[in-house]
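Novice: build me a structure from this.
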Amino acid sequence: MCGIVGVVSNAPVNQLIYDALLLLQHRGQDAAGIATQDGRKFYMHKAKGMVRDVFRTRNMRALPGNVGLGQVRYPTAGNAHSEEEAQPFYVNAPFGLVMSHNGNLTNAAALKAELFSSDHRHINTDSDSEVLLNVLAHELERTTRGLALTPADVFAAVRGVHKRVKGSYAVVALIAGHGLLAFRDPFGIRPLCLGHGDGHVAVASESVALEGVGMAFDRDVLPGEAVFVDLNGQVHAQMCCDATTHFPCIFEYVYLARPDSVMDGISVYQARLNMGETLAKRVVSTVPPDQIHVVIPIPESSRPSAMQLAQLLGLPYREGFVKNRYVGRTFIMPGQGVRKKSVRQKLNVIASEFRGRNVLLVDDSIVRGTTSKEIVQMARDAGAAKVFMASAAPPVRYPNVYGIDMPTPGELVAHGRTVDEIRQIIGCDALIYQDVDAMKKVVHALNPALAGFDASCFDGVYCTGDITQADIERMNGQRPDSAEPQEDTSRLALPNAQES
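Specialist: Just a heads-up that it's a prediction; the model follows:
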């Protein structure tokens, strides 16, 4: 999961991109980068760290031009400690290309070998984004064959990319002297939207990144569609894939996206309210409401679900945890040790809300269980009589291969365990999970035009239909923290997964 933005304007774009990246900071805290184009020259600055730390005044001054793109990164493949893998990436032929990518290529290893042997292109990092950039560059070169570039050539190149690349990808790229290109994979797994302002045309991962800088959100980029914005701000769009199916990642609505964003016609906030309704029904079937004194959310993504649940059950809703906003999101911190240490730095209890009460803690999801275990203990230390835990998402039992940092089964507390076994590990008195089908149903009701959702981390069904056990084991080895001990995945079952 990363956050990307691209802008074509009639004025300098460096500050606009910086502001948009601040609004997308929740999507990646490992590294940040901006590239701009002035004439035919690219200017770039990127480094590890948060947006506010990476860019100083001198860096911003060194990013002239009315066209540019940016990214906030959180690594799911490659080397998390390498500044070389911060994006954007650049190649000088054809034309000169700069690209940022959100997602994860499931056939990156095969493409890398193919690029070297057949396309005669060199890949210098372990990043699948550099692989994707070189595939795009090769397809553009093959399409234009040294001739002047037209929008039709750009769309033909993207069509070639779709034929070669598998996995999830939302892409924004600069083509030197020509304009800005954005496109999305044929399943629409990772989000991408289009907007405009006074003299600006922009694409971004979330609508909030457009609206937060004063632009209007126009629409989502469709699965398999490419959008090319020339240097005059003229927008050209074309479907570049013959067969598309709209399966956005449901984890965006559970946790990843900001609640004030609208993705693929669905309000993230309303989706979380709906999840709270279905979760309330699950709670009633497990713990009688008269045994619960108070509902307390675990900040911040769970608040809408917790509020809706409390209202439906007629229970008091209270804030029992205060979040330190200057500590990053523990779910996307690399390394289990770092995550565990950061929980108590991130949250502090309001003891009066716990003392002597039976509390129902509501979280958006339970992935590794590290945070949940620490939080349950914090509630007990604050004097809670009983601690019940509810997850607005179903058990995360399967690896995600489309750009979320949970591909290793050994890291998932729900993998191979019953709910009661998970409850014992977390240490709560009762554990209530969302139902997979109910979650899909209530979110899908907000946009019935969608074909469905990628919910592979919950149900083990991979919408691209090409994921095998060997793929998962290979991708585990590409993880940024793959040096940590991993569980044997040889017995992992993938329900309904298709062999490639």
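Novice: state the next helix or strand along the chain beyond the lowest-mean-pLDDT helix or strand in the chain.
Specialist: Every helix and strand of the chain was ranked by mean pLDDT, DSSP states H and E. The lowest is helix 336-346, at a mean of 63. Sequence-wise, the next helix or strand downstream of helix 336-346 (DSSP states H and E) is strand 347-349.
Novice: can you pull the contacts of the most far-flung residue of the chain relative to its centre?
Specialist: In terms of distance from the mean C-alpha position of the chain, G356 ranks first, at 38.9 Å (Cα atoms, centre = their mean). With contact set as Cβ atoms under 8 Å, 6 or more residues apart in numbering, G356 has these partners: 383-385. Glycine gets a C-beta too; all of them are placed from N, C-alpha and C.
Novice: now the buried members of these.
Specialist: Buried members of the contacts of G356, scored by 16 or more other Cβ atoms under 10 Å, are A384.
Novice: residues touching R474, list them.
Specialist: Contacts for R474 were tallied using Cβ under 8 Å, 6+ apart; they are A109.
Novice: then E252?
Specialist: Contacts of E252 (Cβ under 8 Å, 6+ apart): 191, 263, 268.
Novice: quick one: classify it as helix, strand or coil.
Specialist: Classification of E252 using DSSP: H, G, I helix; E, B strand; the rest coil returns helix.
Novice: likewise for N59?
Specialist: At N59 the chain is in helix, as set by three-state DSSP.
Novice: what's the neighbour count on it?
Specialist: The number of residues packed around N59, counting by other Cβ atoms under 10 Å, is 16.
Novice: could you do the one 4 residues further on as well?
Specialist: Other residues near L63 come to 24 when the count uses other Cβ under 10 Å.
Novice: what's the answer for R56, then?
Specialist: 11.
Novice: what separation is there between it and A47?
Specialist: Distance of R56 to A47, computed by Cβ to Cβ, to the nearest Å: 10 Å.
Novice: break this protein down into its domains, please.
Specialist: For the chain, automatic domain parsing gives the domain ranges 3-245, 270-324+343-448.
Novice: among these, which is nearest D466?
Specialist: Nearest to D466 among these is domain 3-245; the distance by Cβ to Cβ comes to 5.8 Å.
Novice: mind checking the end-to-end distance for that closest one?
Specialist: Taking Cα to Cα, to the nearest Å, domain 3-245 runs 23 Å from one end to the other.
Novice: ramachandran angles for V227?
Specialist: Dihedral pair for V227: phi -120, psi 130, per degrees, to the nearest 10.
Novice: just the strands in the stretch 1-150 of the chain please.
Specialist: Ranges of strands within the stretch 1-150 of the chain are 3-9, 31-38, 41-48, 67-73, 89-91, 97-105, based on DSSP state E, counting those that start in this stretch.
Novice: adding mean neighbour count, distance to A243 and mean pLDDT, write those strands out as a markdown table.
Specialist: Below are the strands of the stretch 1-150 of the chain laid out as a markdown table (neighbours: other Cβ atoms under 10 Å; distance: least, Cβ to Cβ, whole Å; pLDDT from 0 to 100):
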| stretch | mean neighbour count | distance to A243 | mean pLDDT |
| --- | --- | --- | --- |
| strand 3-9 | 29 | 25 | 98 |
| strand 31-38 | 25 | 33 | 97 |
| strand 41-48 | 18 | 35 | 96 |
| strand 67-73 | 31 | 28 | 97 |
| strand 89-91 | 20 | 28 | 96 |
| strand 97-105 | 27 | 19 | 96 |
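Novice: quick one: closest of these to S302.
Specialist: Smallest distance to S302 across the strands of the stretch 1-150 of the chain (Cβ to Cβ): 21.1 Å, for strand 3-9.
Novice: so which elements touch the closest one?
Specialist: Applying 3 or more Cβ pairs under 8 Å, 6 or more residues apart in numbering; DSSP states H and E, we find strand 3-9 packed against helix 14-23, strand 67-73, strand 97-105, strand 167-175, strand 179-184, strand 200-204.
Novice: spit out the contact partners of R142.
Specialist: When contacts are counted by Cβ under 8 Å, 6+ apart, R142 touches 157, 160.
Novice: on the pLDDT front, check it for me.
Specialist: On the pLDDT scale, R142 is placed at 91.
Novice: for P288, phi and psi?
Specialist: Per-residue torsions, P288: phi -60, psi 130 (degrees, to the nearest 10).
Novice: and M263, its phi and psi?
Specialist: phi -130, psi 130.
Novice: now the nearest residue to G197 once chain neighbours are set aside: how far from N104?
Specialist: Distance criterion Cβ to Cβ, 6 or more residues apart in numbering; nearest residue to G197, sequence neighbours excluded, is M215 at 3.8 Å. Using Cβ to Cβ, M215 is found at 28 Å from N104.
Novice: how about D230?
Specialist: Noted for D230: a distance of 30 Å to N104, by Cβ to Cβ.
Novice: what of F116?
Specialist: F116 is 21 Å from N104, by Cβ to Cβ.
Novice: for L446, same thing?
Specialist: Using Cβ to Cβ, we find L446 at a distance of 26 Å from N104.
Novice: can you give me the strands for the stretch 151-300 of the chain?
Specialist: For the stretch 151-300 of the chain, applying DSSP E, counting those that start in this stretch gives strands covering 167-175, 179-184, 193-197, 200-204, 216-220, 225-230, 235-239, 262-263, 266-267, 294-297.
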